[in-house]
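Enquirer: fold the stuff below for me.
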Amino acid sequence: MTGSAPHAAAATPAHPATAASSITVREAVFDLMRRFGMTSVFANPGSTELPMFRDFPSDFRYVLGLQEACVVGMADGYAQATRNASFVNLHSAAGVGNAMGNIFTAFKNRTPMVITAGQQARSILPFDPFLSSAQATELPKPYVKWSIEPARAQDVPLAIARAYYLAMMPPCGPVLVSVPVDDWDQYTELVPTRAVSTRTRPEPELLARISAALEASERPAFVVGAAADRDGAWNEVVALAEAHNARVWVAPMSGRCSFPEDHRLFAGFLPAMRERIVELLEGHDLILAIGAPAFAYHVEGAGPHVPAGAALCQLTEDPDTAAWAPVGISAVGSIRLGLLDLLAVPPKKTRPLPPARKAAPRAEPTPLMSVAYVLQTLAQARKPEHIVVEEAPSARPVMQAHLPFTRSETFYTMDSGGLGYGMPASVGVSLGKPGSRVICLIGDGSSMYSIQALWSAAQNRLPITFVILNNRRYAALQDFAPVFGFSPTDVVQGTELPDLDFQSLAKGMGCTAVRVTDPADLRKALDEALASDAPGVVEVRVA
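Expert: From the prediction side, this is the model:
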């Protein structure tokens, strides 16, 4: 990650190399991990990984996940919270296969992550042995930046060093190193760490063109995405918006909060629909996408990508995103450094303030609570610094209306749309930001993808409040069904979720739990859960 993180990938002095006969691969890898700041190992154990953990260092922490999706989800949250690559250990093909959904999410989240996967012993690989991974480097593709099974045991530390540097280079992402089980006790040399740049400055000529377009614009609009917060550019986005009196929209499907939602210039959230984006941006003559694709779509659309007469400029850390942008100018590089260069050119004219965003109408209590009432009450109960990790797709538009985020690094969700991220990610964020209150806001259906994360939260006694919005169905699918020709009264097969007992599930994994059905009890239940030092579940029955 970048932003307030160190700009070089190695934070401590290089260790001198030693003779090959005195250091094992295991010792060399732990030495390297220590110098990279990767002393928390997120894992679920398997037989081909056991030799790695003999003589486990006392200054390291093993974070156990009860299923591989939980392991990678926790590591994702931890890496985003610490702005450093997390270290994951998985079991050969089966473990990597179980983890692939959240590896895909880590890839879409641009989360730096070094994954090691166990492999059978080199001596029996020619015989297709039990628990081997026949194509270990191909299995996680295309959702890792790089994958390798080193040719020799002696090359394992070098491969992990390269993996770390690649994971940390923007756009950040997961990498995988497959390690045969008999490599760990072989002898090798310590690997020196190096200072490697993890930031590039956007091309000055393109930034000058964007700056000139901003100066010429009468009604600019910004569309800000997750990369702005990842790159520590929160203050710079606010400063540039204020300098130009630009309306600021959140990009479709953004996984982070990148602009204060109580700010006078905040306009709202763009949907992932081409025609609606064009409609909402109508009247602006310049659209500047900052740290976001221009644009992410979810359904088929037609027509122009921007309103008639509007120019599109994009500042992105991702060359692929710049390459597929359908129109406009794309400058590639660090979001924060690019914004600093744009801020160095003071505007020569003053624009009037754009229209203010209309406040959402107040939600009132009803016998069967609305999601709006629940999230409005949560907004009143939480403090601005409390961190929300969200995975409630059907409730997201309601959250955007009733649960505002006003500070950097206080909101996380998945850029992938894949479920199973929210619960374990909240554990990882809590581990990465000790002392912070974390709220996991999740739907009943979403929670069941990685419910085992409750056990990890309980074992680590983390101050996490899991708020489960229980509407007894996969509501997002029912909401989306009309797009594909369903009528409002049609039954969508496979979307009903009766008889889930979240109190029993939570208590069975070591968490306290309460079920709220009466709106009069909601605020008290939330206040008590948010005051607790231990993890707790608040299940809320909603309409």
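
Enquirer: poorly predicted segments of the stretch 401-543 of the chain, please.
Expert: Residues of the stretch 401-543 of the chain meeting the criterion pLDDT under 70: 473-481, 483-484.

Enquirer: ranges for the helices of it?
Expert: 422-432, 444-447, 453-459, 475-480, 502-508, 519-531 (DSSP state H, counting those that start in this stretch).

Enquirer: other SSEs contacting the fifth one?
Expert: On a contact count with 3 or more CB pairs under 8 Å, 6 or more residues apart in numbering; DSSP states H and E, helix 502-508 meets strand 464-470, strand 512-516, strand 536-541. In this view, the C-beta of every residue, glycine as well, is placed from N, C-alpha and C.

Enquirer: for it, which positions count as buried?
Expert: 502, 505-506 (16 or more other CB atoms under 10 Å).

Enquirer: make CSV out of the helices of the stretch 401-543 of the chain and add distance to Met33.
Expert: Listed next are the helices of the stretch 401-543 of the chain as CSV, based on distance: least, CB to CB, whole Å:
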stretch, distance to Met33
helix 422-432, 16
helix 444-447, 32
helix 453-459, 21
helix 475-480, 39
helix 502-508, 34
helix 519-531, 35
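
Enquirer: which one of these is the most hemmed in?
Expert: helix 422-432 (a mean of 30; mean count of other CB atoms under 10 Å).

Enquirer: distance between that one and the chain's centre?
Expert: 10 Å (CA atoms, centre = their mean, to the nearest Å).

Enquirer: helix or strand with the lowest mean pLDDT in this structure?
Expert: Here the helix or strand of the chain ranked lowest by mean pLDDT, DSSP states H and E is helix 475-480, holding a mean of 66.

Enquirer: mean confidence score for the longest helix belonging to the chain?
Expert: Of all segments of type helix in the chain, defined using DSSP state H, the longest is helix 92-109. Throughout helix 92-109, pLDDT has a mean value of 97.

Enquirer: that helix vs helix 422-432, what angle?
Expert: Counting by axes from the mean of the first three to the mean of the last three CA atoms, to 10 degrees, helix 92-109 lies at 80 degrees to helix 422-432.

Enquirer: picking that back up, need the winner for burial among the helices and strands packed on helix 502-508.
Expert: Highest mean neighbour count among the helices and strands packed on helix 502-508 (mean count of other CB under 10 Å): strand 464-470, a mean of 26.

Enquirer: next, the angle from that strand to helix 519-531.
Expert: 150 degrees.

Enquirer: strand partners (parallel or antiparallel) of strand 464-470?
Expert: Note on strand 464-470: by DSSP bridges, its sheet partners are strand 438-443 (parallel), strand 536-541 (parallel).

Enquirer: quick one, which of those gets closest to Val88.
Expert: strand 438-443 (20.2 Å; CB to CB).

Enquirer: put the alpha carbons of the closest one into CSV.
Expert: Listed next in CSV are the C-alpha coordinates belonging to strand 438-443 (Å, rounded to 0.1, in the frame of the first residue of the first chain):
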residue,chain,number,x,y,z
VAL,A,438,-14.6,-2.1,14.3
ILE,A,439,-18.2,-2.6,13.2
CYS,A,440,-18.9,-5.4,10.7
LEU,A,441,-22.2,-4.5,8.9
ILE,A,442,-23.4,-7.6,7.1
GLY,A,443,-26.4,-9.3,5.7
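
Enquirer: quick one: average confidence on stretch 45-59?
Expert: 93.

Enquirer: give me the contacts around it.
Expert: 26, 29-30, 34, 39, 43, 62, 64, 89-92, 94-95, 116, 118-120, 131, 179-182, 184-185 (CB atoms under 8 Å, 6 or more residues apart in numbering).

Enquirer: residues of stretch 121-139 that come out buried?
Expert: 125, 131-133, 136-137, 139.

Enquirer: among those, list the two that are farthest apart in space.
Expert: Using CB to CB, the pair of the buried residues of stretch 121-139 lying farthest apart is Leu131 and Thr137, separated by 16.9 Å.

Enquirer: for the stretch 101-250 of the chain, which segments count as strands?
Expert: Secondary structure of the stretch 101-250 of the chain by DSSP state E, counting those that start in this stretch: the strands cover 113-119, 147-148, 174-180, 187-188, 220-224, 247-250.

Enquirer: where does the stretch 251-400 of the chain have low pLDDT?
Expert: In the stretch 251-400 of the chain (pLDDT under 70), no residue qualifies.

Enquirer: strands of that one, start to end?
Expert: 266-269, 286-290, 311-316, 329-332, 387-391.

Enquirer: correct me if wrong: Pro286 contacts Ser211.
Expert: Careful, residue 286 is Leu; it's not Pro. No: using CB atoms under 8 Å, Leu286 is not in contact with Ser211, being 11.3 Å away.

Enquirer: tell me how this protein divides into domains.
Expert: 23-188, 204-343, 371-541 (automatic domain parsing).

Enquirer: just put the ones you listed in a markdown table and tack on distance to Ser197.
Expert: Formatted as a markdown table, the domains of the chain follow (distance: least, CB to CB, whole Å):
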| stretch | distance to Ser197 |
| --- | --- |
| domain 23-188 | 8 |
| domain 204-343 | 10 |
| domain 371-541 | 23 |
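
Enquirer: among those, which is nearest Arg351?
Expert: Across the domains of the chain, Arg351 has its closest neighbour in domain 204-343 (4.2 Å, CB to CB).

Enquirer: now do the same end-to-end measure for the closest one.
Expert: 13 Å (CA to CA, to the nearest Å).

Enquirer: and what of stretch 150-158?
Expert: Stretch 150-158: ends 9 Å apart by CA to CA.

Enquirer: what's the average pLDDT for it?
Expert: On average, stretch 150-158 scores 97.

Enquirer: check contacts around the residue nearest to Ser408 when sequence neighbours are not counted.
Expert: Computed as CB to CB, 6 or more residues apart in numbering, the closest residue to Ser408 that is not its neighbour in sequence is Trp234, at 3.9 Å. By CB under 8 Å, 6+ apart, Trp234 lies in contact with 228, 258-259, 408.

Enquirer: pick out the residue closest to the middle of this structure.
Expert: Asn109 (4.4 Å; CA atoms, centre = their mean).

Enquirer: distance-wise, check it relative to Leu265.
Expert: From Asn109 across to Leu265, the span is 26 Å (CB to CB, to the nearest Å).

Enquirer: buried ones in stretch 146-157, by neighbour count?
Expert: For stretch 146-157, the buried set under the neighbour-count rule, 16+ other CB under 10 Å, comprises 146-150, 153-157.

Enquirer: hang on, the earlier thing: from the contacts of Trp234, which land in helices?
Expert: Checked against DSSP H, the contacts of Trp234 include these in helices: Ala228.

Enquirer: all helices for the stretch 51-200 of the chain, in order.
Expert: 68-82, 92-109, 156-168.

Enquirer: right, and the ones you listed - which one's nearest Val467?
Expert: Closest approach to Val467 among the helices of the stretch 51-200 of the chain is made by helix 68-82 (16.6 Å; CB to CB).

Enquirer: packing partners for the closest one?
Expert: Helix 68-82 packs on strand 40-43, strand 86-90, helix 92-109, strand 113-119, helix 422-432, helix 453-459, going by 3+ CB pairs under 8 Å, 6+ apart.

Enquirer: TSV for those, including distance to Ala325?
Expert: Formatted as TSV, the helices and strands packed on helix 68-82 follow (distance: least, CB to CB, whole Å):
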stretch	distance to Ala325
strand 40-43	34
strand 86-90	30
helix 92-109	17
strand 113-119	26
helix 422-432	29
helix 453-459	36
